[in-house]
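A.B. asks: Give me a 3D structure for the following:
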Amino acid sequence: MELNGARWRKSSRSSGNGGACVEVADNLPGVVGVRDSKDPTGPALTFAPATWRAFVTRLGMRL
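C.D. replies: Okay, here's the model as predicted:
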């Protein structure tokens, strides 16, 4: 799936020391993109918005 036009934002949980960073693009209709900020031209995962919301909600319960 092409993610042209995606506006990527870094996770608020990412550290500023170059560690494990995740970027999310949620501005595209019907899809949420997730990628490694250290490899912006590498592969990205895509999720349906409802699936992504469920995942983030479950993560929040475990933090």
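
A.B. asks: what comes up buried for stretch 44-63?
C.D. replies: 44, 46-47, 52 (16 or more other CB atoms under 10 Å). Where you see a C-beta, it was placed from the backbone N, CA and C, and this is true even at glycine.

A.B. asks: What's opposite Lys10 in the beta bridge?
C.D. replies: Under the criterion DSSP bridges, Lys10 forms beta bridges with Glu23.

A.B. asks: For Glu23, see how far away it is.
C.D. replies: 5 Å (CB to CB, to the nearest Å).

A.B. asks: cool, Thr41 as well?
C.D. replies: Applying CB to CB to Thr41 and Glu23 gives a distance of 12 Å.

A.B. asks: Specify which residue of the two has the higher count of neighbours.
C.D. replies: Glu23 (19 against 6; other CB atoms under 10 Å).

A.B. asks: Which stretches in this structure count as helices?
C.D. replies: 49-62 (DSSP state H).

A.B. asks: unless I'm mixing things up, Glu23 is touching Val34, no?
C.D. replies: Yes - in terms of CB atoms under 8 Å, Glu23 counts as a neighbour of Val34; the distance is 7.3 Å.

A.B. asks: Name all residues that make contact with Val31.
C.D. replies: Residues in contact with Val31 (CB atoms under 8 Å, 6 or more residues apart in numbering) are 1, 3, 46-49.

A.B. asks: for the nearest residue to Val22 once chain neighbours are set aside, phi and psi?
C.D. replies: Excluding its sequence neighbours, the residue lying closest to Val22 (CB to CB, 6 or more residues apart in numbering) is Ser11, at 4.5 Å. With angles defined as degrees, to the nearest 10, Ser11 sits at phi -60, psi 140.
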